[in-house]
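In: This is a predicted model, with the sequence first.
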Amino acid sequence: MKDFCNILLVGEGNFSFSVSVCETSGPNTNITATCYEEEEVVAAQKDAFSNVQRLKEKGAAVHFQVDCTKLQYCPVLAPAVFDCVIFNFPHCGRKAGVKKNRDLLAKFFLRSQDKSFHIEGALNHIFTRCLPIGCSRSVIFQAKFDDKWISFHVPEELVEKIDRNFLERTCCHPVSIVHGQLIKDVSEIFPVHRFSHSHSLLVKVNFNRASFYGCKGLLAIIYFVRSIDYKNSNPWQTENKIPSAILSFTGLSVDSCKESGEHSALIRELESAEYYLRPSLLVHIQEIINGKDFLPQTLHIVSGPVFRKCLISSYTMPAYHEILFIWGSNDDPGIEFLLSFKQSIAKSLTSLLKLVPDHIVTFSDKPNDQRKCDQSWFVNSKELFPEEHCTIYVNFGCDSSDSKHVNIGNIYVTPAGQIHKELAFCIAFLNLDLLAMLCFKILDWRMLWTFDERFLNQFQEPEVLWFKNFSLYPPSFTHDVSFWISPGGKFDEIEFHTAVRRVTGEMVRDVILMDTFEHPDTGQISKCYRMIYQSCDKALSYQKASELQLRLRQVLQEYLQIILR
């Protein structure tokens, strides 16, 4: 144990833990052990008397009838100053119940803040089962493209998401559960073909396509990568800085850059890019429908992870699993088929959402639906499908005027001759991760990617109920950053969120634009953003959040051409 000067232990039972701390501490450590019960009650417990004697022999102070929620009122402890406070296994008793135990923790943290400590935020340090925060690293990954293996550096925010295999049939992950149920339900209505091979995570950059060459919306979300020589690279290299490539191509087209004569370095990076991580399974459409194993009048199913840059929020994710349904026919898909397909999707989704009866699946065939949505996750595919048939929503609180609609997918219809010279198509795709969150009441997408075993253990039961968060009171810390946009510079919000995501390692739960100001004389723009630091599964401290914020400020100034205020 670290050689603290003064340690206070509260809520002890028979003082066995205090003895262990005392025996493993250094000679310069002063230990004060306390319990809530009277001395006579404690003495009746097994080994309590001998443990108290051992503590006193080693010079530790022992006090009884100490209420840890009112430390400032304890006459013995009030004048003392402590470097560390330990509350081991905090609870009110075996049959106290969860609510009383939660109230105990809340009172302990809130009402003991008046007690003096040597270090700021000392009460945030408590024994916990949360995972430690690891160091950011740059990892080399190999993906198959055509008949060769391509090595490339994985963006740091995708390192723990690039190869997790959630969709394996033996996996008990909620995404796998939703995936399997969807396929089972549609298989009962349509002939189904699932591809035995997986499609490449990489897509070859092709700047000859005009739609890609000048599509600002598409460039804004894509992760571009370059192939590297694996033999001359360290696959576990840790970098202290963000490569400029992470902010590449965001919100800019090659044509606009060339016309303005600006961002020459960005143009060179863009033109030298070889591949990009697929932002949607739609990029494989031509490969699938022109393949030898594609059969008309059959529902073909493809699923897998996709990646794209996005804004930071609880429901927008840089990596998620998508499922793609493709139906091809010699005649245009009729109303009867579309109705049958939509009914099968709605029935399956309704079955999955049975645990949340206030959620209703709806379809909107309006081309520009102005509903209030929490996020829009799908890739811009207007060049491939000029007109969408409908958008699939899950409606929250459908009987309320404050209802919300979350877009979980889209259905497209294409006539013969548009993407295939002979066949017409009905194509649908769904965000499986977002659907899993809605089905099991998972409120933060980051929880889907946790390595904490307590998460998966909840989905191993035959009858799965909604997710119960095992982190009851995750601490949150607020930090603001204000800056001027450099004269003549361009500011893109996705660039900003991408930098925040990478530097902080997904420790930021939300980014809020607090204020925008334009100087009346110079016309210079100032922005103020608020970062809410909170981890859903890791032990995030105030000190760590402050360190991340300091590094973020350095990176923003260096790579976003801004002037910090």
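Out: Nice, thanks for sending it over.
In: Glu23 is in what secondary structure piece?
Out: helix 16-24 (DSSP states H and E).
In: and if you look at Trp149?
Out: strand 148-154.
In: now for that strand, which elements pack on it?
Out: The contact analysis (3 or more CB pairs under 8 Å, 6 or more residues apart in numbering; DSSP states H and E) places strand 148-154 against strand 139-145. Where you see a C-beta, it was placed from the backbone N, CA and C, and this is true even at glycine.
In: chain center to the strand it packs on: distance?
Out: Mean-position distance between strand 139-145 and its chain equals 22 Å (CA atoms, centre = their mean, to the nearest Å).
In: and that strand with strand 148-154, angle?
Out: Interaxial angle, strand 139-145 versus strand 148-154 (axes from the mean of the first three to the mean of the last three CA atoms, to 10 degrees): 150 degrees.
In: can you map out the strands along the stretch 101-250 of the chain?
Out: With DSSP state E, counting those that start in this stretch, the ranges of strands along the stretch 101-250 of the chain come out as 139-145, 148-154, 192-194, 202-204, 224-225.
In: so can I have a markdown table of those strands showing distance to Val175, mean neighbour count and mean pLDDT?
Out: Output for the strands of the stretch 101-250 of the chain, formatted as a markdown table (distance: least, CB to CB, whole Å; neighbours: other CB atoms under 10 Å; pLDDT from 0 to 100):
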| stretch | distance to Val175 | mean neighbour count | mean pLDDT |
| --- | --- | --- | --- |
| strand 139-145 | 20 | 16 | 84 |
| strand 148-154 | 20 | 17 | 87 |
| strand 192-194 | 16 | 14 | 90 |
| strand 202-204 | 22 | 17 | 88 |
| strand 224-225 | 24 | 22 | 86 |
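In: Show me the one of the ones you listed that comes nearest Trp449.
Out: Nearest to Trp449 among those is strand 148-154; the distance by CB to CB comes to 14.0 Å.
In: Each with direction, which strands does the closest one pair with?
Out: strand 139-145 (antiparallel) (DSSP bridges).
In: With just CA atoms, put the strand it pairs with into CSV.
Out: Extracted in CSV, the C-alpha atoms of strand 139-145 (Å, rounded to 0.1, in the frame of the first residue of the first chain):
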residue,chain,number,x,y,z
VAL,A,139,-2.2,-0.4,-32.8
ILE,A,140,-1.5,-1.9,-36.2
PHE,A,141,-4.4,-4.0,-37.6
GLN,A,142,-4.5,-6.3,-40.6
ALA,A,143,-7.6,-6.5,-42.8
LYS,A,144,-8.1,-8.6,-45.9
PHE,A,145,-8.8,-6.7,-49.1
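In: Can you lay out the strands of the stretch 101-250 of the chain as TSV showing distance to Ser486?
Out: Compiled in TSV, the strands of the stretch 101-250 of the chain are given as follows (distance: least, CB to CB, whole Å):
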stretch	distance to Ser486
strand 139-145	33
strand 148-154	28
strand 192-194	51
strand 202-204	33
strand 224-225	24
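In: pull the helix or strand with minimum mean pLDDT from the protein.
Out: The helix or strand of the chain with the poorest confidence is helix 210-213; it has a mean of 38 (mean pLDDT, DSSP states H and E).
In: on that earlier part again, can you give me the buried ones in the helix holding Glu23?
Out: 16-19, 21-22 (16 or more other CB atoms under 10 Å).
In: The strand holding Trp149: how far from the chain's middle?
Out: 24 Å.
In: and what of stretch 85-98?
Out: Offset of stretch 85-98 from its chain centre (CA atoms, centre = their mean): 31 Å.
In: which parts of it are buried?
Out: Across stretch 85-98, burial judged by 16+ other CB under 10 Å covers 85-88.
In: Check which element follows the helix holding Glu23 along the chain.
Out: strand 30-34.
In: Phi, psi for the closest residue to Ile532 other than its chain neighbours please.
Out: Leaving aside its sequence neighbours, Ile532 sits nearest to Asp510 (CB to CB, 6 or more residues apart in numbering; 4.4 Å). According to degrees, to the nearest 10, the main-chain angles of Asp510 amount to phi -150, psi 150.
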